[in-house]
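for reference, the sequence and a predicted model appear below.
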Amino acid sequence: MSRRVLAMLAAVALLSAVSPPAQAAAQNDVYVALGDSAAAGPLIPNQVLPELGCWRSDRNYAHLTAQAIGARTLRDVTCSGAKTTHMYQSQNTDLGSVAPQLDAVTSDTTLVTVQIGANDVGLTGFIEDCLNLLPPPVGDACNDDYIVNGQDSWRVKTDALRPRLTQLAADIRARAPQARVFVVGYATYAPPNGCYPRVPIIKADANYIRATLQYFNQMLAEQAAAAGVGFIDLQTPSVGHDPCTAPGTRWIEPYVPASPATPFHPNALGMRGFAAVVTAAVSGA
């Protein structure tokens, strides 16, 4: 055996001796999950108390990730309808008010995931606005409704979120200096050209929704990098699992769900898929 190989083996042995495995480190995690309905999992069994108005599932990716990494504590405060303001202010739900999500981030926190911003720009409502039961020329495309004074209003609103997300990352770090922080992106909601009429969004609008979400996820990744925190891409791994695919394959339900989930939100299979991605990212795999 060459001296070079011996030296490499010795270095590996030394690193193994002084560096605990990622899984072992994760087992001491105090994990805080922040976010909106894409993270909460509305209608996915089982919905958890005491904040039932948040429509939070005990099978969302935060719960599954915490289980997978053996986290010591999980504080899941994700809440359907949440905006960036609800990181700092209480949120009114249909069943009562809930505390600001950042209250869950304390000095003992060692891991944070945050998936937020879609409600600030109204992305879910935007997708629903583009539903078109009748194709052109009877039905009307929606994509040109969002061009105002020559500017794409969704991109304008997306760009307006940039400083808020950078500040949010800084505020999380100030509250939990030892925490590993990850911004989580959003999934693929439309394949190229859509699948009209299975999902009643015409080709031009499906491509517009797709481009809009790609721009939004790009913004999230850029702001995470600017803030010096991690970014977890859910868009790429969810390709081929969009609402146009069959039950048992899709991770995001269409306008008429076939499994317990809110329209255009993750189902239980999707949460399992997202949990695998999140688990790998937070474990350093």
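That came through fine.

please name the nearest non-neighbouring residue to residue 267.
Closest residue to residue 267 apart from its sequence neighbours, by Cβ to Cβ, 6 or more residues apart in numbering: residue 261 at 4.1 Å. The way it works is simple: take the backbone N, C-alpha and C, and place the C-beta from them, glycine included.

burial of that neighbour, as a residue count?
Residues contacting residue 261 under the criterion other Cβ atoms under 10 Å number 25.

residue 101 against residue 76, yeah?
No - judged on Cβ atoms under 8 Å, residue 101 makes no contact with residue 76 at a distance of 10.0 Å.

so which residues of the stretch 101-250 of the chain form strands?
For the stretch 101-250 of the chain, strands defined by DSSP state E, counting those that start in this stretch occupy the ranges 111-115, 147-148, 151-152, 180-184, 230-232.

pLDDT weak spots in the chain?
For the chain, the stretches with pLDDT under 70 are 1-27, 135-139, 285.

can we see that at 50?
1-24 (pLDDT under 50).

which stretches in it count as helices?
For the chain, the helices defined by DSSP state H occupy 3-18, 22-26, 37-40, 61-69, 118-121, 123-129, 153-160, 162-175, 203-227, 268-282.

any chance of these in TSV, with distance to residue 142 and mean neighbour count too?
Listed next are the helices of the chain as TSV, based on distance: least, Cβ to Cβ, whole Å; neighbours: other Cβ atoms under 10 Å:
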stretch	distance to residue 142	mean neighbour count
helix 3-18	55	9
helix 22-26	44	16
helix 37-40	21	29
helix 61-69	30	24
helix 118-121	15	20
helix 123-129	6	18
helix 153-160	11	16
helix 162-175	25	17
helix 203-227	5	19
helix 268-282	25	20
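
pipe those into CSV and attach distance to residue 93 per row.
Formatted as CSV, the helices of the chain follow (distance: least, Cβ to Cβ, whole Å):
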stretch, distance to residue 93
helix 3-18, 48
helix 22-26, 31
helix 37-40, 11
helix 61-69, 18
helix 118-121, 13
helix 123-129, 16
helix 153-160, 23
helix 162-175, 21
helix 203-227, 24
helix 268-282, 20
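
to residue 256, which of the ones you listed lies closest?
helix 123-129 (12.4 Å; Cβ to Cβ).

return the closest one as CSV; C-alpha atoms alone will do.
Extracted C-alpha coordinates of helix 123-129, given in CSV (Å, rounded to 0.1, in the frame of the first residue of the first chain):
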residue,chain,number,x,y,z
LEU,A,123,-49.7,32.9,-5.1
THR,A,124,-52.5,30.4,-4.2
GLY,A,125,-55.2,32.9,-5.1
PHE,A,126,-53.3,33.6,-8.3
ILE,A,127,-53.4,29.9,-9.4
GLU,A,128,-57.1,29.7,-8.6
ASP,A,129,-57.8,32.9,-10.5
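
who's in contact with that helix?
If you take Cβ atoms under 8 Å, 6 or more residues apart in numbering as the criterion, helix 123-129 is touched by 37, 118, 142, 145-146, 154, 186, 189, 201, 209, 212-213, 216, 255, 263-265.

repeat that with 6 Å
With contact meaning Cβ atoms under 6 Å, 6 or more residues apart in numbering, helix 123-129 is reached by 142, 209, 264.

torsion angles phi and psi at the last one?
Note on residue 264: backbone dihedrals following degrees, to the nearest 10 are phi 60, psi 40.

ok, the first one next?
Its backbone dihedrals place residue 142 at phi -100, psi -20, with angles given as degrees, to the nearest 10.

number of nearby residues for the residue nearest to it when sequence neighbours are not counted?
Take residue 142 and drop its neighbours on the chain: the residue closest to it by Cβ to Cβ, 6+ apart is residue 130, 4.1 Å away. Residue 130: 22 surrounding residues under other Cβ under 10 Å.

so residue 130 makes contact with residue 203?
No - counting by Cβ atoms under 6 Å, residue 130 stays clear of residue 203, with 11.3 Å between them.

could I get the strands of the stretch 101-250 of the chain in TSV, plus columns for mean neighbour count and distance to residue 87?
TSV is the format used below for the strands of the stretch 101-250 of the chain (neighbours: other Cβ atoms under 10 Å; distance: least, Cβ to Cβ, whole Å):
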stretch	mean neighbour count	distance to residue 87
strand 111-115	26	8
strand 147-148	10	28
strand 151-152	13	26
strand 180-184	23	12
strand 230-232	19	18
